[in-house]
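# heads up, no residue letters with this:
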């Protein structure tokens with residue numbers, strides 16, 4: 001009789017746990033992140049980055065996001081896999097940016113962007129977010145500005161997000177020493 005009672009109690013605990021996990025709806029604050037930079041060897045035998053695996057964890061478990069990088073030597077370039085939590089879609093909720101590293105010797109860091117979807121309770125990829133170099137967010141105009149530099153030439157581009165997609169608005173190219181930073 002004790003065995004039956006013990007088995008019923010154990011079954012009840014397992015069933016309650018499964019029901020609670022099934023009913024669990026993740027909140028944005030439940031998520032944690034960590035990244036792993038993956039490298040390979042190029043044709044000359046140099047170690048270069050090729051991808052970043054981001055581990056996204058909540059109470060239900062962990063899933064991965066794979067981002068692809070430019071083949072640069074991580075010994076000389078940094079930033080690969082850095083995680084930035086910022087409100088990239090201007091809804092007041094922190095989103096996720098995964099640094100893909102620099103695009104050239106002047107910096108020009110690029111990122112994969114993932115916005116928090118309040119209806120689906122998960123992160124959704126922002127299409128072409130990596131096109132925005134060194135993104136700066138303007139909450140008043142809800143625009144994102146990217147800058148790209150080669151030598152003394154700078155290109156400043158403005159973007160908006162529409163339905164989780166980056167849309168180019170306008171831009172201009174000028175001498176970097178003419179810009180008020």
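Happy to help now that I have it. Keep in mind it's a predicted model, so treat the numbers as computed, not measured.

# you'd agree residue 27 is up against residue 116?
No - contact between residue 27 and residue 116 fails when scored by C-beta atoms under 8 Å: they sit 9.7 Å apart. (C-beta placed from N, C-alpha, C; glycine too.)

# So for residue 54, what's the pLDDT?
For residue 54, the pLDDT comes out at 96.

# does it have beta-bridge partners, and which?
Beta bridges link residue 54 to residue 35, residue 65, judged by DSSP bridges.

# Next, count neighbours for it.
By the measure other C-beta atoms under 10 Å, the count of residues near residue 54 is 20.

# Looks like it contacts residue 38 (just checking).
No - the criterion here is C-beta under 8 Å, and residue 54 misses it with residue 38 at 11.3 Å.

# List the contacts of the residue lying closest to residue 71 once chain neighbours are set aside.
In space, and not counting its chain neighbours, residue 71 is closest to residue 48: 4.0 Å by C-beta to C-beta, 6 or more residues apart in numbering. Residue 48 is in contact with 39-42, 71-74, counting by C-beta atoms under 8 Å, 6 or more residues apart in numbering.

# Of those, grab the buried ones for ChimeraX.
Selection of buried members from the contacts of residue 48 for ChimeraX, criterion 16 or more other C-beta atoms under 10 Å:
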select :39,71,72,74
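
# Of the contacts of residue 48, which is the nearest to residue 132?
Using C-beta to C-beta, residue 72 comes nearest to residue 132 of the contacts of residue 48, at 18.8 Å.

# Who are the contact partners of that closest one?
Counting by C-beta under 8 Å, 6+ apart, residue 72 makes contact with 48-49, 101-102.

# So which of those belong to strands?
Among the contacts of residue 72, DSSP state E puts 48-49, 101-102 in strands.

# Same list, those, but as CSV with distance to residue 84 and pLDDT please.
Below are the ones in strands among the contacts of residue 72 laid out as CSV (distance: C-beta to C-beta, whole Å; pLDDT from 0 to 100):
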residue, distance to residue 84, pLDDT
48, 23, 91
49, 18, 90
101, 13, 90
102, 15, 87
